[in-house]
Structure formats: C-alpha cells, structure tokens
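Asker: Sequence unavailable; structure follows:
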C-alpha cells in the first residue's frame, strides 16, 4: 500500500466509524451535536448516507488490497493480518445483512435484527481495538530498537 492509499484508508475508516456511531442517538444525547459544526452528527439521514458512501469506498479499498495481495503472492499473511481479515469478513457480512434488512418488503425477526446489529457493532469495535493494538505494538517495537 502506498502512503497515500494508507492515509485515505484510515480517513475512510474514521468517517465510517463516526457515521456508524451517528446512527445511535449518542451525539445528540451527550450534546456533541450542539458543538458548532457538528450538528450534522444528529441527523440520521446524513449519517446513513455518509455511512453507505464510506462503506462502498471501504469495500472497494478492501477489494483492491485483496486483489493486489493475490496478484503479488510474495509473502504469507501475519497473524495480525489474518485477524483483520476475519474482522473485515464479520463486519462486511453483518453490514450486508443490515442493508438487506432495510430493503422494502424484507422482514426479519427482532432477534435476528438484534443479533446482526450487535455482531456488526462488536466487529467494528474489535476492529478499532485491533488497530490500536497494532499501532501500540509498532510504537513499542520501534522504541526497543
């Protein structure tokens, strides 16, 4: 990955997480949306549109990374990469089910919707924690050298 692609991926992940949290009434409840310039965080339709756009970009970027890796075949996957791939699969799959659930004429039982929501939320949370753990590991490894 080039540094520009890496930066764009991180920025996209930030807005994906921000818009995902925006679906919950957290920003309005804790008056974050009252801060000048952040009122859009309390608008469900705005955060939904942003989430769908950043999710589409996320899918395209993951497809690019996967295709590049398959074509290069130069190195095996590290343990952290395998964990990230598993988390990507969980988040993408549960996100796909949530999109299907939102289609007209689709009915799912409440338990299935709750399970899918919690799976998506947990996957995204663990993905963020994994990214922080990787950054922490890289920084401590650099300090030891």
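Answerer: Everything's here; your move. From a predicted model like this one, the values you see are computed outputs, not experimental measurements.
Asker: And this protein, split by domain according to the record?
Answerer: Listed domain ranges for the chain are 1-74, 76-145 (source: automatic domain parsing).
Asker: Mind putting those into JSON lines with mean neighbour count and mean pLDDT?
Answerer: To be clear about C-beta, it is placed using only N, CA and C from the backbone, and glycine gets the same treatment. Shown next, in JSON lines, are the domains of the chain (neighbours: other CB atoms under 10 Å; pLDDT from 0 to 100):
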{"stretch": "domain 1-74", "mean neighbour count": "14", "mean pLDDT": "92"}
{"stretch": "domain 76-145", "mean neighbour count": "13", "mean pLDDT": "91"}
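Asker: what sits up against stretch 1-14?
Answerer: Stretch 1-14 has contacts (CB atoms under 8 Å, 6 or more residues apart in numbering) with 54, 57-58, 61, 64-65, 131.
Asker: Which of the residues you listed fall in helices?
Answerer: Members of those lying in helices (criterion: DSSP state H): 54, 57-58, 61, 64-65, 131.
Asker: Could you single out the nearest of the residues you listed to residue 80?
Answerer: residue 131 (9.8 Å; CB to CB).
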